[in-house]
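Novice: Here you go, sequence then predicted model.
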Amino acid sequence: MATETRTLSLPIQLMASEANLSDDWRRRWRFHADGLAQTLGPRQGVSKIELDRSAGTLTVDYDPDRFSLDQ
């Protein structure tokens, strides 16, 4: 029996009201977005993850029986 997979797209782009934040804050924000993409994997039920900085999204293909945003 095939495992059901769902896709979740999360916005990770800075909001317009945050456009005047410092360069240091922006570097830390990018680091945390990269860290999230690297942390999620098969152990959490994630089969594919793609961080697209230009589009401002993090797309995750996951098994709903194993992965939840509540983790």
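Specialist: Cool, got the structure.

Novice: contacts and neighbour counts: CA atoms only from here.
Specialist: Will do.

Novice: any idea which helix or strand of this structure has the worst average confidence?
Specialist: Scoring the helices and strands of the chain by mean pLDDT, DSSP states H and E places helix 23-39 at the bottom, with a mean of 75.

Novice: Just the strands from this structure, written as ranges.
Specialist: Remark: strands assigned in the chain by DSSP state E are 6-11, 46-52, 57-62.

Novice: Pairing partners for the longest one, with directions?
Specialist: What that stands for is strand 46-52. Applying DSSP bridges to the sheet, strand 46-52 is found paired with strand 57-62 (antiparallel).

Novice: For the strand it pairs with, list the C-alpha coordinates in CSV.
Specialist: Extracted C-alpha coordinates of strand 57-62, given in CSV (Å, rounded to 0.1, in the frame of the first residue of the first chain):
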residue,chain,number,x,y,z
THR,A,57,8.9,29.8,0.1
LEU,A,58,9.8,26.5,1.8
THR,A,59,8.0,23.6,0.1
VAL,A,60,7.7,20.3,2.0
ASP,A,61,6.4,16.9,0.8
TYR,A,62,5.5,14.9,3.9
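
Novice: ok, back up a step: go ahead and name everything in contact with the least confident helix or strand of the chain.
Specialist: Helix 23-39 has contacts (Cα atoms under 8 Å, 6 or more residues apart in numbering) with 12, 49-51, 58.

Novice: any low-confidence regions in this protein?
Specialist: 1-2, 13-21, 70-71 (pLDDT under 70).

Novice: Quick check: beta-bridge partners of the residue nearest the centre of the chain?
Specialist: For the chain, the residue sitting closest to the mean C-alpha position, by Cα atoms, centre = their mean, is Leu58 at 3.8 Å. Note on Leu58: beta-bridge partners by DSSP bridges are Leu10, Leu51.
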